[in-house]
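1. got a structure for you, letters missing:
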């Protein structure tokens, strides 16, 4: 009897070992893949830090992919405090129509026409750093941005007293956009900015205006996000008519479009305009409703 | 005691057989694509960095891939895929763990074609579902080429598609894999 039990016991051990071996093997295979995967040094790039190429007024670190083409139509209506007579601002409208193109995944160009001061603008945007984890650890994405704006108002509409030289109609903006996607739903961006106006009136301050922008987005649902954007002017002129640009809005995403609906105290949709020439005061209720609609083709 | 001795020898033999003749094949550049026909536009994406390993001794296969490794023709589609549907930030990987039964004993030392019945667990978007499929194996000049395709129901993996776009996206997608395995020595 004792021999019989011993035999059974050994058989049991043997079977257990075979079963365990089977289990161990599957885990081994998974482990091999994990180490091989690590050895591949995969870099995980953060994608979709923001939904669109614009945060609200200004640019975000998002660039169009190479060969992608984007049509962007933006509106800023009149002031909400115009009341029912002005239909809360909707009677007036400022439009910017813009076309943007991805020369590569990193380099974008764009042109636009803004009805505010009949301004034409062009920009270049270059992504110098992409936020990533894994083999290459980059905490932020960075974009160099540069734009030029041309005011094409008739001479007499600017100053009937004198001839306005062409160069006085030009203004330039340079920005460094730095953004980090902290989590799938939360991203922040800071934007050191310089706006150079070839000619300024005394009330507009210096030719070079320095500003620091802050912005962020928080997702509410998968297709809806809340955005905030603020530009603080560092050497703002002592002019009570001019204010820092502050905007708050929602990104709504459907199939191929991104709708951005927002409230802002700026009406210009060109950098030199909303950073340097914002006349609305939130405290006064000088708030404009506006939207950006973008459609990307590729 | 005689039986004990025999079973001991047997165990030793099986143990030896399963270690010394262990035949593992691996790929790091497997190609997996998915395709679905939809009324608005067909959806197609390719991942060419799929990891897969086959053990011809235990008849096991494990495959893993990063969801954000899928490349779409349209960048917006790719963004939606990662951000809204498969949520790649939370669920970065898709895995398959399974076993296969060949129609014939596989001889890795000479060229030949085999058909396999594969069963196992597919995990996408944090949801694991059992699947069954057929695959083919071609042994050629010391490498192993494995191919398979199967249908996946998007709903099975808790991937929700907003009502606004539901008509643009098919509910079933065809997943196709094509892996070229090399011997794994370690």
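-> Received it, and whenever you're ready, just let me know what you need. Values in this document were obtained by computation on a predicted structure and should not be read as measured data.
2. next structured bit after the worst-scoring helix or strand of chain B on mean pLDDT?
-> Lowest by mean pLDDT, DSSP states H and E among the helices and strands of chain B is helix B:2-20, with a mean of 57. Note on helix B:2-20: by DSSP states H and E, the next helix or strand toward the C-terminus is strand B:24-36.
3. next one: that next one to chain centre, how far?
-> 7 Å (Cα atoms, centre = their mean, to the nearest Å).
4. show me what contacts residue B:116?
-> B:100-103, B:134-137 (Cβ atoms under 8 Å, 6 or more residues apart in numbering or on different chains). (C-beta placed from N, C-alpha, C; glycine too.)
5. Are any of those residues buried, and if so which?
-> For the contacts of residue B:116, a burial check counting by 16 or more other Cβ atoms under 10 Å in any protein chain shown picks out B:100, B:135, B:137.
6. Run through the bridge partners of the first one.
-> Think residue B:100. residue B:118 (DSSP bridges).
7. contacting residues around residue A:107?
-> Counting by Cβ under 8 Å, 6+ apart, residue A:107 touches A:63, A:124-127.
8. Got phi/psi on the residue nearest the centre of chain A?
-> In chain A, the residue lying closest to the centroid (Cα atoms, centre = their mean) is residue A:60, at 2.0 Å. Residue A:60 has phi and psi values of phi -100, psi 180 when expressed as degrees, to the nearest 10.
9. And for it, nearest residue in space, chain neighbours not counted?
-> The shortest distance from residue A:60 to any residue other than its chain neighbours is 4.0 Å, reached at residue A:50 (Cβ to Cβ, 6 or more residues apart in numbering or on different chains).
10. looking at it, the one you found is touching residue A:58, isn't it?
-> No - with contact defined as Cβ atoms under 8 Å, residue A:50 does not count as touching residue A:58 (11.1 Å).
11. Between these two, point out the one with more neighbours.
-> The neighbour comparison of residue A:50 against residue A:58 (other Cβ atoms under 10 Å in any protein chain shown) goes to residue A:58, with 26 against 23.
12. pLDDT score for the more buried one?
-> Note for residue A:58: predicted pLDDT of 96.
13. do residue A:201 as well
-> Reported pLDDT for residue A:201: 84.
14. and if you look at the one 3 residues further on?
-> Note for residue A:204: predicted pLDDT of 84.
15. Likewise for residue A:222?
-> In this model, residue A:222 carries a pLDDT of 83.
16. What's the local residue count around it?
-> Neighbours of residue A:222 (other Cβ under 10 Å): 16.
17. Please look at it and residue B:80 and confirm they touch.
-> No - counting by Cβ under 8 Å, residue A:222 stays clear of residue B:80, with 9.2 Å between them.
18. any weak-confidence spans in chain B?
-> B:1-22, B:162-170, B:186 (pLDDT under 70).
19. ok, now with 50
-> For chain B, applying pLDDT under 50 flags the ranges B:16-20.
20. what's the closest residue to residue A:241 other than its chain neighbours in contact with, if anything?
-> Closest residue to residue A:241 apart from its sequence neighbours, by Cβ to Cβ, 6+ apart: residue A:279 at 5.6 Å. Neighbouring residues of residue A:279 by Cβ under 8 Å, 6+ apart: A:241-243, A:265, A:286.
21. Give me the phi and psi angles of the residue positioned nearest the centre of chain B.
-> Computing the C-alpha centroid of chain B and ranking residues by Cα atoms, centre = their mean puts residue B:63 first, at 4.5 Å. Note on residue B:63: its backbone torsions stand at phi -130, psi 130 [degrees, to the nearest 10].
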